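S.K.: pasted the sequence and its predicted model underneath.
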Amino acid sequence: MDAQEKNGKEIDIEKILEEKLVIVDEVIAKYLPEKYDAQTLEYTLGPATYQYDFEAIQKAVTEPVWDILKRGGKRWRPVLFLLFLEAFSKNPKNFLDFAIIPEMVHNGTLMVDDFEDQSEFRRGRECIHKIYGNDVAVNAGNTIYFLPLLVLIKNVGNVSLKKQKAIYDVYAQEMINISFGQGTDIAWHRGLVNDVEITEEQYLQMTAYKTGTLARMSAKIAAILCGLDVKSVEKIGKFAESVGVAFQIQDDILDLKGEKFAIKKGGLGKDITEGKRTLMVIHTVNKASLDDRNKLIEILNKHTKNQKLIDEAICLMDKYGSMEYAKKTAMDIVTKSWNDISEMIPRSDAKNKLKAFVTFLVERSI
């Protein structure tokens, strides 16, 4: 998938992301303000039967959520949602509220995943559980798993009942999927299954659930709002899933090789410290000599922070060409999936922008 051009000029994807980030955060603030008052809290929770404790809610929910939101992030899932609307000739401004559903869930997963993995840094700062405590991080993360349902509740009348139900069904199914994907990942890096028996297909399925699911949610909600039929919604969802899978593969590569990426993460090889079974690990395990395979698994199982050992693991994966293999796999997955849906999308600048956006996600350096 080559980067596209618009009117003879290269499409500036980073600029699009920066512009949309501001818009998305404004909508998030509509449903979760940085500071609640009586009116905004009633909008979120309904009238109090007794009395709200504004300070407690501020300290345990609002502050930790906005802490992680303000650290940045690409907001690429809501942008994917908005670009699909444009590609099918819908005005994104009419459906902005729906763009935040996958983004809020995503940030909830970051807080909970970081606690589960006992990670130390996220986007250049200490993880939320390190700053606010485990209980606050898990509760706040869980809160923004479900808070996006307010978008459906508050938009009754703006969207048909049929579309509302279809969107809710997508949300519910994808929330189930993401938990099973995370469970599979945890089982692998906890050593609950035999490392050698993990296949590439199993890795791709885990990633399709863990990372692909929110991309799929974004695209399917957009397709539903555009009035596409059920078969088309599923095809669009499959394409977005492939984008999520490829995005995760590139994330895993950057964890080992991306210097700029490492600055935000707090160093190279954090996935090695966590014992993650990535596509590169699986490829190396399948291709390596017995000694090299055992050495890599030994390092992963140590959950080491020793940079010398981390570098040794990276060298082993390099030795067997696993980075290059992963890059090719990611691009092949997205290219095939794009070809499956390309004819569904009318020719337009919006289509070019969507294709350039997807290419950027797969080839990015940070």
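M.R.: Arrived safely, thanks for sending.
S.K.: any low-confidence regions in the stretch 1-150 of the chain?
M.R.: Counting by pLDDT under 70, the stretch 1-150 of the chain contains low-confidence ranges at 1-9.
S.K.: the stretch 1-150 of the chain: strands as residue ranges?
M.R.: 5-6, 9-10, 121-122, 125-126 (DSSP state E, counting those that start in this stretch).
S.K.: what separation do you get for the residue most central in space within the chain and residue 366?
M.R.: In the chain, the centroid-proximal residue (CA atoms, centre = their mean) is residue 211; its distance is 5.0 Å. Using CB to CB, to the nearest Å, we find residue 211 at a distance of 17 Å from residue 366. (Each C-beta comes from the backbone N, C-alpha and C, glycine too.)
S.K.: once you drop chain neighbours, what's closest to residue 140?
M.R.: Sequence neighbours aside, residue 64 is the residue nearest to residue 140 in space, at 4.4 Å (criterion: CB to CB, 6 or more residues apart in numbering).
S.K.: count of neighbours near the one you found?
M.R.: 23 (other CB atoms under 10 Å).
S.K.: ok, now which ones touch it?
M.R.: 111, 128, 131, 132, 136, 137, 140 (CB atoms under 8 Å, 6 or more residues apart in numbering).
S.K.: and which of those is nearest residue 48?
M.R.: residue 140 (20.4 Å; CB to CB).
S.K.: go ahead and confirm the closest one touches residue 60.
M.R.: Yes. Between residue 140 and residue 60 there is a contact under CB atoms under 8 Å: 6.8 Å.
S.K.: more neighbours: these two, which one.
M.R.: Between residue 140 and residue 60, counting by other CB under 10 Å, residue 140 is the more crowded of the two (25 against 19).
S.K.: returning to what we had before: who touches both of residue 140 and residue 60?
M.R.: Contacts common to residue 140 and residue 60, judged by CB under 8 Å, 6+ apart, are residue 132.
S.K.: can you list the neighbours in contact with stretch 20-36?
M.R.: So stretch 20-36 is contacted by 40, 44, 54, 57-58, 61-62, 65-66, 69, 72-75, 78-79, 82, 96-97, 99-100, 103-104, 144, 147-148, 150-151, 154 (CB under 8 Å, 6+ apart).
S.K.: buried ones in that stretch?
M.R.: 20, 21, 23, 24, 25, 27, 28, 30, 31, 32, 33, 36 (16 or more other CB atoms under 10 Å).
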